[in-house]
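> no sequence for this one, just the structure:
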C-alpha cells in the first residue's frame, strides 16, 4: 500500500510542477496605480459583452442578404474603430471577462480553485470607476461585485433562467435590455440614482448570455443563433440612443466585444480559432474617427489582444489603469488629441514599469546575491526611470509621436522583462523534474526486480555509507538555500524529490544490478525496442488519432504471432479470430470525427439495442438461477434508458423542458452500479457482465453519437482478451506481465481517444447532459462528463482485474509496470509543454501532459472503483450448476 501511496504523491508533484514552471499567478501586490493627468474625453463608458459570439458570425449575412450585425457594422464603417480581439485558453467566460476588464490572464491552475467567483483578488476597471452598474448573468457579475469597495452594483436574473433547452435563449438578453431601459427611465425620478449618474468615470456593463446559450443548444450556424445576434445588435442600437438621450453631452464611449467564440458543434474551452477570435467595436467619446473608409472598412481592421481592452477603457475614462494589467493601449483606437494620447501611452508604460519592477524586486529579495540574474535591458530601476524621464521630456518638448514610440518600446521591454521573471526558475525546475522522472523510473525497476528476486530485498549493510552521507549533505545544503530564498513550499519537493529517489535507487540497486545482468539476453533488447515503439504509437495518438488505428491493426495479429505449445491455446482458434475482428473494428473509431461535433441519436439507439441483445443473451445462458435473475433485471434498464432519451428529446423539442420523471430515472440509472456489491453475482463472468450492464445506461444517457457502438465493440474485445489470457498457461514471466500492462494502457487511452480528441474534452456539448440538468451548473456538468469518460476506463480496469484473478497474479506488479510505461510517456509530454506560440499549441501541450498524469492517477483510483464493484467473494471456478461460460 505504501508503494501506491508514494506513487500518488509523486504523480501529484509531477502534475503540479508544470504549472509552477510555465504558468504563474499574474497578481503582484503592493503597487501604486497610474492614471493619466490629462482630462479624459469620456465621462462614462458602456461595455457590451456578447458571450460566445464568433468573429465570423459577426461579419456574416443572413438568408435575406442583410448583415446579422447591421447596426454594429454601420458603426464600424462610419464612426468607430473595429478589429479582432484574440482571447487565450481556456476560452471560458471567467478568464475571458477577467482579461477584458482587469487586463490580466489568469493562471490556468486557477480553474481548480473556483469557477464562478474569483480564485484571487485582482484590480479591474470596475474597481477604479466611481460606479459600475451591471446587468446580466449572476455567474459573471458576481465575479466583479464581491471584494470591491462597494461601487459595483449588479442586476441579475436567476440561475434557473440559464436553460440549455428550448428556443427562447434570447429572452436572457431581452431581460437585460428591458431592465437597463427601466433603470435609465427611473433615474430622473430617483434622487439616489440620479446623483450617481451625475458622477464622472461611470461604467455600464451589459452582459448578454443569449448567444452562448443558443450556441450550446442550437449550434452557431443555426438560425436561432444568428437571429439572437440580430436581436442583440438592435438592442445595442436602442441602448446607445437611450444613453445619449439621457445625458445629451456626447461624453459617452461604447465598447462591444465577446469573451470567447464557439466551435461549429457548439462548445468552447480549447484554442481553436473559432473559439479564440472575437470581434471588438469601439465608438463614441475619445475614439478615433479619422481616416475611416466606409467602402473598404472591412480591410481597415485594428486587431488587439483581449487584455488590451482594459487599458483602452481606463484611458477613455481617465481612471487608474488596473495595477496587474498586462495589456498594451491600442493607440489606433484613441482620438488624435496628441497631448492626451501621449500621456495615455506614458501612463500605460509607467503602470507596466511598476509591474516589472515589482517582479524584479520580488525575485531579487528571494534570491541569494550570487544567484540573482537581472533582466539586462532594464537591469536597474535607474534605467527604467531614465526611460520614463526621456518620454516626459519628449512630451514637454511637443514631440508627441516620438514620445508615443518611446512609450511603446518601453512597454514591450517591460512585458519581455515580466516574462523573463515569470520563467526565471524554468530551466532549474525542468532539470529537477527530469532527474526525478528518471529516478522514479529507476525506482519502479528496483521494485519490480525486488518482487522477482527475493534475495535482493536484503539490506545492503554499511557498504553505501558514502552515498548516505553525500545525499544527506546535499539535502541539508539544498534545504538551507531554499529556506533562505523563501521559495514556495512545493519548490522543496521539486528540488529534494530527485535526490531522494536517486538515493533510494542507488542504495538498493548494486546487488540487483549484478543479478539482472546475468539474466539479460539479446532478445530482451529486441522486445524492449518493440515496446518503446509501441509506446511511441500511443504518444503519436495524442496528436493524430489514426496512429491508434495502426496500433490496433498490429495488436489484432497478436494471437497469431504468439505461438504457444499449450493445447488450450491452440484450440482457441475461434477466439483468436474474434480477437482480430474486434480489434479491426475498433481500429475504425479513431479515424471517425470526434464525438461532440455532430449528434446522431440513431447511432446511440443502435448501440443501446446491441447492448440489450448481448446482455439478454449473456443473462439467459447463465445456469445459476440467481445470477440469471439479477442480470435480466439489470438488462431491463437499457431499454428504459432508450425510452428516457427519446422522451427527454421530444419534450425539449416541444419547448416543455426536462420532465421530472425522466430526470429522476436518469439519476437512478446513474447510480445503478452502486447495487453491484449488494446484489451482484458472485461468479467471475456474471459479475463482469453485471458491471458492463450497470454502466451502460448512464453511458448511453450521456452519449451523442457512436459512443454506444464503440462501447459494445470494446466490451467484446475485452471479453475475448480475458478468454485468451485464460488459455495461456499460468506464468509470472516479466515480459508476459509487461505485455498485459501495455495492452491495458493501450486500451485505456483508446477508451478516450477512440471517442474524441483533446478539444472534445476541453470543450464539450452541454446537450449531452440534458437528461440530468438543463440549467448552467459547471461542476455538475463537468462531473457527468468525467463519469462518461470514466465508464470505458472502468470496463478496461475490470478486464485487467479478471486477467490477474485468473492466474492469481499480483496486481501490484501490474500497476508498477503501468506506472513505468506511463512515466516513459509522461516525461516526453513534460518537455513538450510550452507557454509560447499559438494558444492552440499552448492549450494542447498542457492538456496532453495533464491527461497522461491524470491517467496514471485515474488508474490508481479505478483500482479502488473496481474493488468496490467486485466487493465480496468472487469465484472463477464455479459450482456444477454454473454455465459453461463460467468454466475455464
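Nice, I can see it. Quick caveat, the model's predicted, so the values are computed rather than measured.
> what about stretch 374-391, distance to the chain center?
Computed by Cα atoms, centre = their mean, to the nearest Å, the chain-centroid distance of stretch 374-391 equals 39 Å.
> Make 16 the starting number, not 1.
Renumbered: residue one is now 16, and that last one reads stretch 389-406.
> so what's the nearest residue to residue 186 once chain neighbours are set aside up against?
Spatially, and ignoring its direct neighbours in sequence, residue 186 is nearest to residue 225 (7.4 Å; Cβ to Cβ, 6 or more residues apart in numbering). (Glycine included, C-beta is placed from N, CA and C.) The contact partners of residue 225, by Cβ atoms under 8 Å, 6 or more residues apart in numbering, come to 184, 185, 186, 187, 188, 189, 243, 246, 247.
> rerun at 7 Å
Going by Cβ atoms under 7 Å, 6 or more residues apart in numbering, residue 225 touches 184, 185, 187, 188, 243.
> try residue 842
Residue 842 is in contact with 449, 452, counting by Cβ under 7 Å, 6+ apart.
> pLDDT averaged over stretch 272-286 - what is it?
Mean per-residue pLDDT for stretch 272-286: 86.
> Hmm, I typed the wrong one, I wanted stretch 817-835.
In this model, stretch 817-835 carries a mean pLDDT of 81.
> Check stretch 735-743 too.
87.
> Repeat that for stretch 342-353.
Here the average pLDDT along stretch 342-353 is 94.
> quick one: contacts for the residue lying closest to residue 216 once chain neighbours are set aside?
Nearest residue to residue 216, sequence neighbours excluded (Cβ to Cβ, 6+ apart): residue 145, at 4.5 Å. Shown in contact with residue 145 (Cβ under 7 Å, 6+ apart): 166, 214, 215, 216, 217.
> distance of residue 438 from residue 668?
Residue 438 sits 52 Å away from residue 668, going by Cβ to Cβ, to the nearest Å.
> ok, these two, which is more surrounded?
Neighbour totals were compared for residue 438 and residue 668, and residue 438 leads with 15 against 11 (other Cβ atoms under 10 Å).
> Which residue ranges of this structure form strands?
For the chain, the strands defined by DSSP state E cover 59-65, 95-101, 146-151, 167-171, 217-223, 267-272, 292-299, 319-320.
> what angle do the first one and strand 292-299 make?
Strand 59-65 and strand 292-299 meet at an angle of 160 degrees, taking axes from the mean of the first three to the mean of the last three Cα atoms, to 10 degrees as the criterion.
> Pull up the pairing partners for strand 59-65, direction included.
According to DSSP bridges, strand 59-65 has the following sheet partners: strand 217-223 (parallel), strand 267-272 (parallel).
> mind putting those in a markdown table, distance to residue 317 included?
Compiled in a markdown table, the strands paired with strand 59-65 are given as follows (distance: least, Cβ to Cβ, whole Å):
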| stretch | distance to residue 317 |
| --- | --- |
| strand 217-223 | 22 |
| strand 267-272 | 13 |
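> Make JSON lines from those strands and add mean neighbour count and distance to residue 137 to it.
Shown next, in JSON lines, are the strands paired with strand 59-65 (neighbours: other Cβ atoms under 10 Å; distance: least, Cβ to Cβ, whole Å):
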{"stretch": "strand 217-223", "mean neighbour count": "25", "distance to residue 137": "16"}
{"stretch": "strand 267-272", "mean neighbour count": "25", "distance to residue 137": "19"}
